[in-house]
Structures are given as structure tokens and as C-alpha cells.
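*Asks:* Need coordinates for the following:
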Amino acid sequence: MPSQPTNAGIVTDETSGERHIPESVRADGSTRKAIKIRPGYRPPEDVEVYKNRAAENFRTRGKGPPPGSEGLKEEPKPAASASANKNAKRREAARKKAQAAEAASPSAKAPEPVVEELDPEAEKEKKVRNLKKKLKQVKGLQEKKEGGAALLPEQLAKLVKMNELIRELDALGFDSEGEPKTKEEADSAKEKTADD
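*Replies:* Got it, this is the predicted structure:
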């Protein structure tokens with residue numbers, strides 16, 4: 001009894017072990033004779049395609065986990081920093097507060113996002129710090145320019161904004177050096193801007 005044909009159409013006779021391509025009928029109706037195959041011969045159609053593991057890994061690089069990590073178990077996370085722990089506690093407290101508020105007032109509308117109320121004084125201090133820093137940079141650039149150093153276009157643009165920074169500091173109640181104004185200076189500055 002013959003075995004199943006291979007890709008090339010070769011059939012092996014199980015009793016005698018001989019291999020041959022059985023006779024077949026051509027499209028025009030003529031018959032094609034059976035062809036005997038030498039022992040050990042493998043036609044190209046039956047040869048398995050060589051799989052180069054290195055080339056296959058190169059083609060699939062970046063897809064999936066790193067090689068060799070499939071068998072590893074997840075390691076415990078390293079201890080977080082103090083600030084990360086603090087932020088996690090804040091988020092957890094906000095989440096619990098939102099859940100408590102939701103449970104206390106069962107309504108159909110969606111919960112409003114929790115908005116932290118910002119202290120206007122803290123915001124003012126933050127803005128003043130930022131303006132002082134920018135002003136310090138601009139003054140450093142001005143000294144460089146006076147010293148004869150060539151400045152980049154971005155640096156020249158910063159120099160142009162110096163008066164604007166001083167004006168903003170003045171509006172917040174600080175002088176051009178970033179120091180808080182005395183009461184008389186602040187009043188005279190207000191009168192000056194009212195006259196303009």
C-alpha cells in the first residue's frame with residue numbers, strides 16, 4: 001500500500017520501500033509514465049526550509065518581551081522614594097474622600113473632579129520666584145554682551161524681554177532686583193501707572 005505523496009508527488013511503497021512518482025494523465029489526455037526515485041534523493045520541494053534562529057530573532061526584535069524573560073516571575077517592586085510614598089498617600093486620601101462624598105450624596109449626576117484650591121499668596125510667590133530667575137539670567141546675558149561676547153539669537157530675544165520682566169515684578173509689588181517694595185514705593189508706582 002503506497003504512502004501519502006510528498007510535496008513533489010513522491011510515493012513510498014511500504015512493502016518494498018521503493019519510491020516513485022506514480023503515472024498521471026496530462027491535460028491533453030496522454031499518460032505520463034511512473035518515475036522511479038533513487039534511494040536517498042530528496043527533491044527541492046521536499047527539503048525543509050532552513051530556519052536561521054539569529055535572523056528570525058533579528059526580524060522579530062522589539063516585539064514582545066526581552067528574550068529569556070518568559071520564564072521569569074515578576075519581581076517585587078523596589079521601595080518607592082519618600083516623595084512617591086507621600087504622593088501615593090495623597091492620591092489614596094483623595095480617592096477615599098471622593099468615595100465618601102459619593103456615598104453620602106447618592107445622586108444620578110457624575111462626580112465632579114477634585115480641584116485643589118490654590119493659595120493665591122503661594123501662587124504669587126511662585127510667580128515672583130520664576131520672574132526673579134528669568135531676570136537673573138537676562139542680567140547675566142547683559143553682562144556677557146557688555147563684555148564683548150557674541151550672543152545667540154535666543155539670548156538676544158531674552159535681553160529684549162528684560163523690561164517686560166521688570167514690569168511684571170513691579171505689578172506684583174517687587175522692585176527690579178526682585179526685592180519686595182516698601183509701602184511708599186508701591187503707592188508711588190500705582191499713581192504712576194494710573195497717570196499713564
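
*Asks:* Low-confidence regions, the chain specifically.
*Replies:* In the predicted model of the chain, residues 1, 67, 70-79, 106-118, 183-196 satisfy pLDDT under 70.

*Asks:* State the distance from residue 131 to residue 59.
*Replies:* 55 Å (Cβ to Cβ, to the nearest Å). All C-beta atoms are positioned from the backbone trio N, CA, C, and that covers glycine.

*Asks:* And the two? Which one has more around it.
*Replies:* Comparing residue 131 with residue 59 by neighbour count (other Cβ atoms under 10 Å), the higher total belongs to residue 131, at 18 against 9.

*Asks:* mind listing what the more buried one touches?
*Replies:* By Cβ atoms under 8 Å, 6 or more residues apart in numbering, the contact set of residue 131 is 165, 168-169, 172, 174, 178.

*Asks:* So which bits of the lengthiest helix in the chain are buried?
*Replies:* Longest helix of the chain, by residue count under DSSP state H: helix 120-146. Across helix 120-146, burial judged by 16 or more other Cβ atoms under 10 Å covers 128, 131-132, 134-135, 138, 141.

*Asks:* Go through those residues and say which is closest to residue 16.
*Replies:* Among the buried residues of helix 120-146, residue 134 lies closest to residue 16 (Cβ to Cβ), at 95.2 Å.

*Asks:* Can you tell me how far that closest one is from residue 57?
*Replies:* Applying Cβ to Cβ to residue 134 and residue 57 gives a distance of 51 Å.

*Asks:* and if you look at residue 12?
*Replies:* 36 Å.

*Asks:* host element of residue 94?
*Replies:* In this structure, residue 94 sits in helix 82-104 according to DSSP states H and E.

*Asks:* ok so, going back, among the contacts of residue 131, which ones are buried?
*Replies:* Buried among the contacts of residue 131 by 16+ other Cβ under 10 Å: 165, 168-169, 174, 178.

*Asks:* Which of these fall within strands?
*Replies:* Among these, DSSP state E puts none in strands.

*Asks:* Need those residues in TSV (columns: distance to residue 18).
*Replies:* Converted to TSV, the buried ones among the contacts of residue 131 look like this (distance: Cβ to Cβ, whole Å):
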residue	distance to residue 18
165	97
168	98
169	101
174	103
178	101
